[in-house]
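*Asks:* Dropping a prediction and its sequence here:
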Amino acid sequence: MPKSRPAGSNVVENFQEMVSALTPMEAFTEANRCLFCQDAPCTAACPTSVDVPMFIRKISTGNLKGSAKTIMDANPLGASCARICPTEELCVGACVLNELDAPIMIGKLQRYATDYLVQHNIQLYQAGSANQHKIAIVGAGPAGLSAARELALLGYEVTLLDAHEKGGGLNSYAVAPFRLPQAIPLWEVNQILELGVQLKNGVTVGRDITVEELTENYDAVLVAVGMGKIQSLEIPGENLEGVYDALDLIEQTKDGDPTQVHLGAKVVVIGAGNTAIDAATTAKRLGAETVQILYRRTEHEMTAYPFEYDFAKQDGVEFRWLTAPTRVLGTHHVEAVECVRMELGEPDERGRRRPQPVPGSEFTVEVDNVIFAVGQQRRTDVFDDFRLKHSRGVVEVDESFQTSRPGVFAAGDCTFAGGGRNEATVVLAVQQGKQAAAAIHRQVSEKYAAIQGVSKEG
């Protein structure tokens, strides 16, 4: 685990990438620790099936371009995933050396190889021969970008539509910059655009372009919109000045100038997922003296990964378990948060025990800012515009990522029901984008093969 920079007056330094890259000697030494297992449990644990032993072997022989290609063949966002993948839960967690010694630092080696591409701006791919078919992808996040790359390689004319001014989705906007500098996902976006993919930024379906225009002018449409803003707790005072949406706060530091973001000395974050951790550590690096995470359950139920939890504690973030906010207090600006202590009751449908308030346990925490990070809203507006079947904002798809509307597919966060900690990850969204692209290719190919067959018979 990297040492965190202490929060202080040097905000710019605090927001530099926190994990240092491996030196050539460190990478060579680490690569040669790999046992190059034939059955490769690390590869089996990777949602995109990166051939881990192969890319590590190529590092050990000095073939960095070849190593990076092995990674990027399987994962179009391999440079970003090298930094933010929960490797301890996936490939590193499956490494056989966990039982003998320290596991291989797969994520750091992946970064070492893909950084070579970034630093030398190497384009590994070229678009396939044009097949005269057009695909529209709504959302330029991990799933959409992954699908766009795969379809471009197959010769499709691909158009990405995204409401943001830059592509990359959550990688570009919603992951703290000291974990994933924005330059990395933007480089990946540019690599995909160089294949002839068009990116139309600042475009919202239903406002700037209709669903009918998409379905009539394209051979297939992929909906990959991801998630929306942080959910409201619907408690009094949450609209006071000094209350932040966690994603908005992170975006201000990542897509803007962190020195222009000003928080008070005392900050509380509501929620205990990975976004809450990012928001809390961001607040510390902006100079907040005390940052407390309030969570209505215990650390055993928190959805943040263990390494994220450890990182937050190293940054000096405090945790108050079994605590739920009931009101945000203040006249115009936040002054305090009224809370109640909780106790756990019977398990819910996901197996987590339901929190219940303890009568008479109310107390107040003085704060200067409150950051909400209690989960994101579902993009039901988009699904309703497309007239897609969805269950509480989770789009229904079959094994081919086909939605209830013919010719419209869906992948990524909009299809994740939230049933597991490893579900809504960038690497799984990337894999779904690949799978959706393959399904679209099959359907379009079969459709036009059938049309050509009828034409010949006629």
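*Replies:* Arrived safely, thanks for sending. Note that the coordinates shown come from a computational prediction; the quantities given were computed from them, not determined experimentally. Numbering: from 1, shown residues only.
*Asks:* Any buried residues in stretch 15-32, and which?
*Replies:* For stretch 15-32, a neighbour-count test (16 or more other C-beta atoms under 10 Å) marks 15, 18, 22, 27, 30-31 as buried. The C-beta positions use only the backbone N, C-alpha and C, and glycine is treated the same way.
*Asks:* just checking, which of these belong to helices?
*Replies:* Secondary structure from DSSP state H places 27, 30-31 of the buried residues of stretch 15-32 in helices.
*Asks:* Those residues into a markdown table, with extra columns for pLDDT and distance to R57?
*Replies:* Listed next are these as a markdown table, based on pLDDT from 0 to 100; distance: C-beta to C-beta, whole Å:
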| residue | pLDDT | distance to R57 |
| --- | --- | --- |
| A27 | 98 | 13 |
| E30 | 98 | 12 |
| A31 | 98 | 7 |
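*Asks:* Tell me the one of those residues nearest R350?
*Replies:* Within these, proximity to R350 (C-beta to C-beta) peaks at E30, which comes in at 37.6 Å.
*Asks:* if you skip the residues just before and after it, what's nearest to the closest one?
*Replies:* M105 (5.5 Å; C-beta to C-beta, 6 or more residues apart in numbering).
*Asks:* longest helix anywhere in this structure?
*Replies:* Ranking each helix of the chain by length (DSSP H) puts helix 426-457 first.
*Asks:* Tell me which other helices or strands that one touches.
*Replies:* Helix 426-457 is packed against helix 78-84, helix 142-153, strand 220-223, strand 408-410, with contacts defined by 3 or more C-beta pairs under 8 Å, 6 or more residues apart in numbering; DSSP states H and E.
*Asks:* in the longest one, what's buried?
*Replies:* Translated: helix 142-153. Of all the residues in helix 142-153, those buried under the rule 16+ other C-beta under 10 Å are 142-152.
*Asks:* picking that back up, any idea how many residues pack against the residue nearest to E30?
*Replies:* Number of residues near M105 (other C-beta atoms under 10 Å) recorded here: 20.
*Asks:* ok, now which ones touch the spatially closest residue to V430 that is not a sequence neighbour?
*Replies:* In space, and not counting its chain neighbours, V430 is closest to S146: 4.4 Å by C-beta to C-beta, 6+ apart. For S146, the contact set (C-beta atoms under 8 Å, 6 or more residues apart in numbering) comprises 76-77, 429-434, 437.
*Asks:* close enough to count as contact, F319 and R297?
*Replies:* No: taking contacts as C-beta atoms under 8 Å, F319 lies outside contact range of R297: 11.3 Å.
*Asks:* Check the contact lists of the two and give me the overlap.
*Replies:* A272.
*Asks:* Can you dump the C-alpha atoms of the lengthiest strand in the chain in CSV for me?
*Replies:* Counting by DSSP state E, the longest strand found in the chain is strand 336-347. This file holds the C-alpha atoms of strand 336-347, laid out as CSV (Å, rounded to 0.1, in the frame of the first residue of the first chain):
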residue,chain,number,x,y,z
ALA,A,336,-23.9,20.8,11.9
VAL,A,337,-25.4,17.4,11.1
GLU,A,338,-27.9,15.9,13.5
CYS,A,339,-27.4,12.1,13.7
VAL,A,340,-28.9,9.1,15.3
ARG,A,341,-27.2,5.9,16.4
MET,A,342,-28.2,2.7,14.7
GLU,A,343,-28.4,-1.0,15.4
LEU,A,344,-28.5,-3.9,13.0
GLY,A,345,-31.7,-6.0,12.7
GLU,A,346,-32.7,-8.8,10.3
PRO,A,347,-30.9,-9.3,6.9
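*Asks:* which intervals of this structure have sub-threshold pLDDT?
*Replies:* 1-9, 418-423, 452-458 (pLDDT under 70).
*Asks:* Recalculate using a threshold of 90.
*Replies:* 1-12, 99-101, 226-228, 256, 347-353, 375, 379, 392, 417-424, 447-458 (pLDDT under 90).
*Asks:* Name the nearest residue to the residue positioned nearest the centre of it, ignoring sequence neighbours.
*Replies:* When C-alpha atoms, centre = their mean is applied to the chain, the residue found nearest the centroid is V426 (4.3 Å). Excluding the flanking residues, the one nearest V426 by C-beta to C-beta, 6+ apart is P142, at 4.8 Å.
*Asks:* I'd guessed that neighbour sits against A174; true?
*Replies:* No: P142 is beyond contact range of A174, at 11.2 Å (criterion: C-beta under 8 Å).
*Asks:* what about E234, how many residues close to it?
*Replies:* 6.
*Asks:* how much space between it and P325?
*Replies:* Per C-beta to C-beta, to the nearest Å, E234 is found 11 Å from P325.
*Asks:* likewise A82?
*Replies:* For A82, the distance to P325 - C-beta to C-beta - is 36 Å.
*Asks:* go on, P76?
*Replies:* 40 Å.
*Asks:* The two - which one has more neighbours?
*Replies:* Neighbour comparison, P76 and P325: the larger count goes to P76, with 26 against 21 (by other C-beta under 10 Å).
*Asks:* residues touching the closest residue in space to the more buried one that isn't next to it in sequence, list them.
*Replies:* Leaving aside its chain neighbours, P76 sits nearest to R149 (4.2 Å; criterion: C-beta to C-beta, 6+ apart). By C-beta under 8 Å, 6+ apart, R149 lies in contact with 76, 125, 191-192, 195, 197.
*Asks:* Let's see that with 10 Å instead.
*Replies:* By C-beta atoms under 10 Å, 6 or more residues apart in numbering, the contact list for R149 reads 72, 76-77, 125, 127, 158, 188, 191-192, 195, 197, 430, 433-434, 437.
*Asks:* still on that earlier bit, hmm, G78 and the residue nearest to V426 touching each other?
*Replies:* No: if you go by C-beta atoms under 10 Å, P142 and G78 don't touch, sitting 11.4 Å apart.
*Asks:* Now for these two: what residues contact both?
*Replies:* 188, 427, 430.
*Asks:* count of residues packed around the second one?
*Replies:* V427 is surrounded by 25 other residues when neighbours are defined as other C-beta under 10 Å.
*Asks:* What of E343?
*Replies:* Per other C-beta under 10 Å, the neighbour tally for E343 reads 12.
*Asks:* same deal with the one 5 residues further on?
*Replies:* A total of 10 residues lie near D348 under the criterion other C-beta under 10 Å.
*Asks:* How about E241?
*Replies:* Neighbours of E241 under the rule other C-beta under 10 Å: 10.
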